[in-house]
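Visitor: heads up, no residue letters with this:
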């Protein structure tokens, strides 16, 4: 297995964070947004660098960024706002250990050679910490704006996976190449099925970024993944609202839950038993200040899964 993937899944279940590190979807912030008349889904990035550095120090295993090139108010989510590869380069400079993942780069709307160059650059600048999550995309409005065909995105996705694997395009003249070259093959994880069959995905990709779900749902999905991909990592995400009461029972909501830290540990254990290798925590619904939440997770939850507590 790729060394970066080994680090992601080492020691059993590992825990990361999905950016942006802003809790703009909680009820108080949402009420303030509505009163101010500002658009939904555009986070406050004032503290993003400080919180990313804190996550690295606390021992979270990965930071995940999404590829949302255009803000569409009908969809209502600008993700972390910054362009994904530019942001990875910045994060590489303010962190030292945490893995840096994309969840996920929409390959068919990007220029393939520039995607290759950007991904290899981010991997070099981070010291080999890149996890390249890829997807075919699901927003039809974006494709004509980038001069791409939505209906053939599955075929385009396969072609770009071949380029990333072989690091060579038949269109390049003799002696012309894309630099930097990766020091080792980039780990490729797919979000969803990217218009492919499960068998094709299991054969050609290194891991699966699965949509959020309950442990029971992951038990089924991870079983499907194991059938086609063997022991390649199965990764998913939780929209978490961490209650200040450690004993607070779990209350499920769409894509996640409100729960105290003891119930969260039990939920994560159930996820691991279902076959999940890594969970990224999404904190936009979280009501408490994020630095307090990260500190509590780093002190009480991460050691339970990552090993001895931090000093």
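Guide: Thanks, I have it. Predicted model, so just to flag it, every value in this text is computed and none were measured.
Visitor: beta partners of residue 63?
Guide: With beta bridges defined as DSSP bridges, residue 63 has these partners: residue 17, residue 100.
Visitor: Hmm, it is touching residue 94, no?
Guide: No: counting by CB atoms under 8 Å, residue 63 sits too far from residue 94 to count as a contact (10.4 Å). For glycine as for every other residue, the C-beta is placed from the backbone atoms N, C-alpha and C.
Visitor: Tell me which of these two has more neighbours.
Guide: More neighbours surround residue 63 than the other of residue 63 and residue 94, with 27 against 12 (other CB atoms under 10 Å).
Visitor: which residues do residue 63 and residue 94 both contact?
Guide: Any residue near both residue 63 and residue 94 by CB atoms under 8 Å, 6 or more residues apart in numbering counts here, and that gives residue 52.
Visitor: Just the buried positions in stretch 137-148, please.
Guide: Residues 137, 139, 142-143, 148 are the ones in stretch 137-148 that count as buried (16 or more other CB atoms under 10 Å).
Visitor: Stretch 72-83 now?
Guide: Neighbour-count burial for stretch 72-83 [16+ other CB under 10 Å]: 78-82.
Visitor: And it, end to end?
Guide: 15 Å (CA to CA, to the nearest Å).
Visitor: On the three-state scheme, the residue sitting furthest away from the middle of the chain is what?
Guide: In the chain, the greatest distance from the average C-alpha position (CA atoms, centre = their mean) is reached by residue 174, at 36.4 Å. Under DSSP: H, G, I helix; E, B strand; the rest coil, residue 174 falls in the coil class.
Visitor: now it: how far from residue 116?
Guide: Plainly put, residue 174 is 18 Å away from residue 116 if you go by CB to CB, to the nearest Å.
Visitor: so residue 248 is in which element?
Guide: In the assignment (DSSP states H and E), residue 248 maps to no helix and no strand.
Visitor: pretty sure it is in contact with residue 264, am I right?
Guide: No: using CB under 8 Å, residue 248 is not in contact with residue 264; the gap is 9.4 Å.
Visitor: Report the separation between residue 33 and residue 258.
Guide: From residue 33 across to residue 258, the span is 20 Å (CB to CB).
Visitor: Settle it for me: which of these two has more neighbours?
Guide: More crowded of residue 33 and residue 258, by other CB under 10 Å: residue 258, with 20 against 16.
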